[in-house]
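Chemist: Below is the sequence, then the predicted model.
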Amino acid sequence: MSGLRIKKYRTEKCYSQKQFASIVGVSTRTIVRWEQNETKPNPEEAERIAAIIGVTAEDLLSDTDSGEEFITTDDKITVLDRISENVNNLVTGQETINESLSSNRDIYIQRQDELISELKSQNVDLMSRIQTYEKALDTSKSELRHKRIRTIAVVITCLIILIIAIFTWIYWLNDGLKEGPIEMGTPSYSEVDDGK
């Protein structure tokens with residue numbers, strides 16, 4: 001006897017396992033064991049089940065364990081339709097995903113191109129600024145060099161003028177009087193009056 005057959009008949013009559021167990025006079029666990037082919041009803045229980053669900057005892061006690069005989073052609077068509085519908089849904093879903101990925105890829109590539117273009121523009125601007133700063137730095141260095149040279153020239157010129165002024169002053173002090181060197185603080189011979 002197939003447990004699948006008992007289950008099919010029970011569900012066709014819209015009995016729960018508990019209700020069916022109560023009607024047959026066995027425990028719910030016994031019904032579960034019958035439907036899972038763990039145990040089989042004894043002949044008396046089989047007769048009661050057959051009477052309750054409205055089938056012959058031969059149909060109920062058949063040795064066929066295959067559940068395939070309970071699947072009707074309509075059931076097979078319904079199952080095939082569901083499988084076909086699920087496959088179509090999968091294909092449609094995959095196409096949607098592919099379109100989304102393709103669209104996202106195009107957007108990503110476009111954004112990447114924009115970023116590269118922007119970076120190139122910023123790089124050109126940065127290079128231009130660097131060149132401007134380098135020119136300004138070179139100009140500043142050149143001006144600083146010229147200022148140093150001018151400062152050194154002015155200092156040297158001032159030193160030369162100072163040296164010339166000192167020599168001129170010394171010359172006037174010594175040779176400018178034509179009487180020889182003058183010693184400061186000591187009277188000359190002509191100025192000494194020795195009383196004669």
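Modeler: Nice, thanks for sending it over. Small disclaimer: the values here were computed from a predicted structure and weren't measured.

Chemist: Please tell me how far the strand or helix carrying Leu137 is from the chain's geometric centre.
Modeler: When elements are assigned from DSSP states H and E, Leu137 belongs to helix 73-174. For helix 73-174, the separation from the chain centroid amounts to 22 Å (computed by CA atoms, centre = their mean, to the nearest Å).

Chemist: so where's this structure shaky on pLDDT?
Modeler: Counting by pLDDT under 70, the chain contains low-confidence ranges at 1-2, 61-76, 175-196.

Chemist: In it, which residue is most central in space?
Modeler: Tyr108 (13.7 Å; CA atoms, centre = their mean).

Chemist: dump the residue contacts of the closest residue to Lys18 other than its chain neighbours.
Modeler: Spatial nearest neighbour of Lys18, excluding adjacent residues (CB to CB, 6 or more residues apart in numbering): Thr28 at 5.0 Å. Bear in mind the C-beta positions are built from the backbone N, C-alpha and C, glycine included. Residues near Thr28 by CB atoms under 8 Å, 6 or more residues apart in numbering: 17-18, 21.

Chemist: I would like a ChimeraX command selecting only the buried ones among those residues, please.
Modeler: The buried subset of the contacts of Thr28, as determined by 16 or more other CB atoms under 10 Å, is captured in ChimeraX by this line:
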select :17,21
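
Chemist: can you redo the contacts of Thr28 as JSON lines with secondary structure and distance to Lys8?
Modeler: Shown next, in JSON lines, are the contacts of Thr28 (DSSP: H, G, I helix; E, B strand; the rest coil; distance: CB to CB, whole Å):
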{"residue": "Gln17", "secondary structure": "helix", "distance to Lys8": "13"}
{"residue": "Lys18", "secondary structure": "helix", "distance to Lys8": "18"}
{"residue": "Ala21", "secondary structure": "helix", "distance to Lys8": "17"}
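
Chemist: Which single one of the contacts of Thr28 is nearest to Ile170?
Modeler: Nearest to Ile170 among those is Gln17, at 138.5 Å by CB to CB.

Chemist: Tell me how far that closest one lies from Arg33.
Modeler: 11 Å (CB to CB, to the nearest Å).

Chemist: can you check Phe20 too?
Modeler: 13 Å.

Chemist: which one of the two has more residues nearby?
Modeler: Using other CB atoms under 10 Å, the more surrounded residue of Phe20 and Arg33 is Phe20, with 23 against 16.

Chemist: so is that one in a helix, a strand, or just coil?
Modeler: Under DSSP: H, G, I helix; E, B strand; the rest coil, Phe20 falls in the helix class.

Chemist: Good, we can wrap up now.
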